[in-house]
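Peer 1: compute the structure for the input listed below.
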Amino acid sequence: MEVGSVLESLFDEDMATHRERVAFAHESGVRSAMIAAVRDRWDARIYSYDDREELCRQLRLFVRDLVRRERTGDLPRLE
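Peer 2: All right, here's what the predicted structure looks like:
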């Protein structure tokens, strides 16, 4: 599992102009210390899912929330 490597590259301080909106989704039965550290170490949301329908619902809600927060000014827009 390369979760740490991917997130480290997304949140690299040298890449100040590179910003992302990140959701980390994993199957409910998958456990690891790195997954447990995602929320504490990086600015990423964690979603667990049991099936494809739940995964799609969680991702739609994530995107909907980002769009709403950008439109209301609670979150800076990414250009």
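Peer 1: packing partners of whichever strand or helix holds residue 34?
Peer 2: Taking DSSP states H and E as the definition, one finds residue 34 inside helix 33-41. The contact analysis (3 or more CB pairs under 8 Å, 6 or more residues apart in numbering; DSSP states H and E) places helix 33-41 against helix 3-10, strand 23-27, strand 45-49. Glycine gets a C-beta too; all of them are placed from N, C-alpha and C.
Peer 1: elements contacting the host helix or strand of residue 54?
Peer 2: Here residue 54 sits within helix 52-72, counting by DSSP H and E. Counting contacts by 3+ CB pairs under 8 Å, 6+ apart, helix 52-72 packs against strand 23-27, strand 45-49.
Peer 1: what are the pairing partners of the first one, and which direction each?
Peer 2: As defined by DSSP bridges, the strand partners of strand 23-27 come to strand 45-49 (parallel).
Peer 1: helix 52-72 and the partner strand, what's the angle between them?
Peer 2: Going by axes from the mean of the first three to the mean of the last three CA atoms, to 10 degrees, strand 45-49 is angled at 150 degrees with respect to helix 52-72.
Peer 1: buried residues in the helix holding residue 54?
Peer 2: Judged by neighbour count using 16 or more other CB atoms under 10 Å, the buried positions of helix 52-72 are 55, 58, 62, 66.
Peer 1: can you list contacts of it?
Peer 2: 21, 23, 25, 45, 47, 49, 75, 76, 77, 78 (CB atoms under 8 Å, 6 or more residues apart in numbering).
Peer 1: of these, buried ones?
Peer 2: In the contacts of helix 52-72, burial by neighbour count holds for 47, 49, counting by 16+ other CB under 10 Å.
Peer 1: put together a markdown table for the contacts of helix 52-72, with pLDDT and distance to residue 32 on each row.
Peer 2: What follows is these, written out as a markdown table (pLDDT from 0 to 100; distance: CB to CB, whole Å):
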| residue | pLDDT | distance to residue 32 |
| --- | --- | --- |
| 21 | 77 | 23 |
| 23 | 79 | 17 |
| 25 | 82 | 14 |
| 45 | 79 | 17 |
| 47 | 86 | 15 |
| 49 | 90 | 16 |
| 75 | 83 | 29 |
| 76 | 82 | 32 |
| 77 | 80 | 33 |
| 78 | 74 | 29 |
